[in-house]
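J.: sequence isn't available, so here's the structure alone:
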């Protein structure tokens, strides 16, 4: 039984489960995009300065440098999308190289936004989610209130409150997180987080992507840890940028995708707030192949009381 299935093990849960034009980027995003252009250009210049001066560099290479910089900046601003089919190989640059720059730029920008967010100090951590499965009627939104001790979670659904005793922690690699204090004790360095995320050795990195998504979407992780998790995702091999999309609630975000052993997993992130808006998983093997499970985070944040 999964953690979510365990949480929904209360009277009435079965009924509960059964029951474009993209806006222009904000001025701040444009400024960040221009900064990313200059940063990418400086990086590219430094990498090639040992073999050729700028004056002697072939014109075609100069165009590729500029194109790469602009692509990275545009992704940071959330105004273009790259995928394995539409990024192209203009000027001889393989698609995956452009994507790598775009993913790193976007996630670094998101990490900076996350780092600047205030830390939570309330009694509870409230998560309002809406879960849907292929072929099933979408369940109404459900509120989860996690106490600081993490010895119980209060579930508010259909106007009723249910208390689930026990430990309902998150995981990172092989480490189980049983309280808010455990979150505070996690490393925030991206390299250390990647090592920890991959320590479970499950599903060739897929568990790392899923566990990071659960922490970013549901847990009261502090600003430093959230920033570290986003930078750690940029270091995971196989994470790709899809681009600007709408989640199931109609909110605009930027989508990441990871193709794992048994499923293809997605995250939709709001680059303006660093909030994880939605996760979805499409099964690629077994009898449930093609089935989708989607979790939409409608509201996440501190709460002083239940209800």
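T.: Perfect, thanks for sending it. Source: prediction; values computed, not measured. Numbering: from 1, shown residues only.
J.: and the longest strand for the protein?
T.: strand 292-303 (DSSP state E).
J.: given that one, what are its sheet partners and their directions?
T.: Strand 292-303 has the following strand partners under DSSP bridges: strand 124-133 (antiparallel), strand 276-283 (antiparallel).
J.: show me which residues of that strand are buried.
T.: Applying a neighbour-count criterion of 16 or more other C-beta atoms under 10 Å, one finds 292, 293, 294, 295, 296, 297, 298, 300, 303 buried in strand 292-303. (Each C-beta comes from the backbone N, C-alpha and C, glycine too.)
J.: check stretch 276-293 too.
T.: 276, 277, 278, 279, 280, 281, 282, 283, 288, 291, 292, 293.
J.: among those, show me the least confident.
T.: pLDDT across the buried residues of stretch 276-293 is lowest for residue 288, at 87.
J.: that residue belongs to a helix, doesn't it?
T.: No - counting by DSSP: H, G, I helix; E, B strand; the rest coil, residue 288 is located in no helix; its state is coil.
J.: quick one, helices of the stretch 51-200 of the chain?
T.: 59-77, 95-115, 180-184, 190-197 (DSSP state H, counting those that start in this stretch).
J.: contacts for the longest strand of the chain, please.
T.: The contact list for strand 292-303 (C-beta atoms under 8 Å, 6 or more residues apart in numbering) reads 120-134, 141, 145, 217-218, 220, 247-249, 275-283.
J.: rerun at 6 Å
T.: Outside strand 292-303, the residues that touch it by C-beta atoms under 6 Å, 6 or more residues apart in numbering are 120, 122, 124, 126-134, 141, 217, 248-249, 278-282.
J.: which of those residues are buried? Put it as a ChimeraX command.
T.: Buried members of these, defined by 16+ other C-beta under 10 Å, are picked up in ChimeraX with:
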select :120,124,126,127,128,129,130,131,132,141,217,248,278,279,280,281,282
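J.: now the strands paired with strand 292-303 in JSON lines, with distance to residue 184?
T.: Shown next, in JSON lines, are the strands paired with strand 292-303 (distance: least, C-beta to C-beta, whole Å):
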{"stretch": "strand 124-133", "distance to residue 184": "13"}
{"stretch": "strand 276-283", "distance to residue 184": "20"}
